[in-house]
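Colleague: Turn this into a structure:
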Amino acid sequence: MQDASTKIRVAQATAADLVELSDFIKPFVASGELLPRTFDELEDLLDTSFIVRLNGAIVGCAALEIYSKKLCEIRSLAVDPAAQGLGIGKQLVAACVELAQREGIYEIMAISVAEDFFKSCGFDFTLPNLKKAFFLQTRDSI
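Modeller: Numbers count the residues shown, from 1 in each chain. As a prediction, this is how the structure comes out:
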């Protein structure tokens, strides 16, 4: 796709990107890497969504869902397998973190199987004072 010297530019997603963005995440949903997102959900998160394009095509995306001034979540982080290793995921996470900081949000959460990746971005399982997130799944599938 591109070599490591390629300049990666993270941009805020726009309404014109919605159809392509929806199509881009479908394989990640099908593989179980991402939760399904309706077109309406993607549209609702548009103001806090970011994309990366290479050769005109979306190769990465992420959204920041803001729950309150205390908590937000990085959602729908995905990078085209052919573009992995170029730093796209880290730049998308950085864009989400910068937005959260600008908004004055206290904590950012990420739910993912990519433990090593998120640790490399500064995330950990505990917060200061040993606060942890706990989850309970209420059904077997979505």
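Colleague: Any figure for the gap between residue 24 and residue 119?
Modeller: For residue 24, the distance to residue 119 under the criterion CB to CB, to the nearest Å works out to 25 Å. To be clear about C-beta, it is placed using only N, CA and C from the backbone, and glycine gets the same treatment.
Colleague: neighbour-wise, which of the two wins?
Modeller: residue 24 (19 against 11; other CB atoms under 10 Å).
Colleague: contacting residues around stretch 123-137?
Modeller: Residues outside stretch 123-137 that contact it (CB atoms under 8 Å, 6 or more residues apart in numbering): 107, 108, 109, 110, 111.
Colleague: Make CSV out of the residues you listed and add secondary structure, distance to residue 76 and pLDDT.
Modeller: Formatted as CSV, the entries for the contacts of stretch 123-137 read as follows, by DSSP: H, G, I helix; E, B strand; the rest coil; distance: CB to CB, whole Å; pLDDT from 0 to 100:
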residue, secondary structure, distance to residue 76, pLDDT
107, strand, 19, 91
108, strand, 14, 93
109, strand, 14, 92
110, strand, 11, 91
111, coil, 11, 86
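Colleague: Show the buried residues in those residues.
Modeller: Among these, those buried by neighbour count (16 or more other CB atoms under 10 Å) are 108, 110.
Colleague: Tabulate the contacts of stretch 123-137 (a markdown table), appending distance to residue 78.
Modeller: Output for the contacts of stretch 123-137, formatted as a markdown table (distance: CB to CB, whole Å):
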| residue | distance to residue 78 |
| --- | --- |
| 107 | 23 |
| 108 | 18 |
| 109 | 17 |
| 110 | 13 |
| 111 | 14 |
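Colleague: Can you tell me which of the contacts of stretch 123-137 is nearest residue 59?
Modeller: Nearest to residue 59 among these, counting by CB to CB, is residue 110 at 19.9 Å.
Colleague: Name the nearest residue to the closest one, ignoring sequence neighbours.
Modeller: Nearest residue to residue 110 in three dimensions, chain neighbours excluded: residue 74, at 4.5 Å (CB to CB, 6 or more residues apart in numbering).
Colleague: right, and the helix or strand after the helix or strand containing that neighbour?
Modeller: Of the helices and strands defined by DSSP states H and E, residue 74 is found in strand 71-79. Sequence-wise, the next helix or strand beyond strand 71-79 is helix 88-102, with elements assigned using DSSP H and E.
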